[in-house]
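In: Sequence plus predicted model, see below.
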Amino acid sequence: MTTEQTDAGTTEHVHGYTSEKSSHLKRLRRIEGQIRGLQRMVEEDKYCIDILTQVSAATKALQSFSLELLDEHLSHCVVEAAQKGGAEAEEKVREASDAIARLVRS
C-alpha cells in the first residue's frame, strides 16, 4: 500500500489492486450473480448435482479472484515494504504468508 498526495493536499492510500478496481468489481458482481443463481436453484428445488456443479463454479471464481488479488498484493505492497526494509517488511511478508495459508486451507 502506498500513500499519494492528492491535489487537495490530503494523503490517500493506494492499494495494489487500485489500478484494476473496476475489473475486480465487475468480477465480484458476476460472482454475486452466481451466488444468487444458487439461491434460486435451491428455492426452485433443482437437482442436487446441478446445484453442486454451480457451487464448484462459484468457488473456482472466488479462488481465481483471490489468487489475482494476492499476486497484486505481493507485487505491490510486499515489494514496496521489502524495499523499505525493517519491521514493516517483516509484517507484510507475515501477512502474505498467513493469507496464502488461509487460501491453501480453503
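Out: Looks like it arrived, so ask away.
In: Could you list the buried residues of stretch 56-69?
Out: 58, 61-62, 69 (16 or more other C-beta atoms under 10 Å). To be clear about C-beta, it is placed using only N, CA and C from the backbone, and glycine gets the same treatment.
In: after the helix or strand where residue 40 lies comes which helix or strand?
Out: Per DSSP states H and E, residue 40 falls inside helix 21-43. Per DSSP H and E, the first helix or strand lying C-terminal to helix 21-43 is helix 48-73.
In: Tell me the helices and strands packed up against that next one.
Out: helix 21-43, helix 86-105 (3 or more C-beta pairs under 8 Å, 6 or more residues apart in numbering; DSSP states H and E).
In: show me what contacts residue 37?
Out: Applying C-beta atoms under 8 Å, 6 or more residues apart in numbering, we find residue 37 in contact with residue 54.
In: pLDDT score assigned to it?
Out: Listed pLDDT for residue 37 reads 97.
In: cool, and residue 18?
Out: 77.
In: Show me which residues of the helix holding residue 40 are buried.
Out: Under the neighbour-count rule (16+ other C-beta under 10 Å), helix 21-43 has 24, 27, 31, 34, 38, 41 buried.
In: looking at it, the third one is touching residue 65, isn't it?
Out: Yes. Between residue 31 and residue 65 there is a contact at 7.0 Å, judged by C-beta atoms under 8 Å.
In: quick one on the thing from earlier: the buried residues of stretch 56-69 into CSV, with extra columns for pLDDT and distance to residue 98?
Out: Converted to CSV, these look like this (pLDDT from 0 to 100; distance: C-beta to C-beta, whole Å):
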residue, pLDDT, distance to residue 98
58, 97, 24
61, 97, 23
62, 95, 18
69, 93, 14
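In: nearest to residue 81, of the residues you listed?
Out: Nearest to residue 81 among the buried residues of stretch 56-69 is residue 69, at 16.7 Å by C-beta to C-beta.
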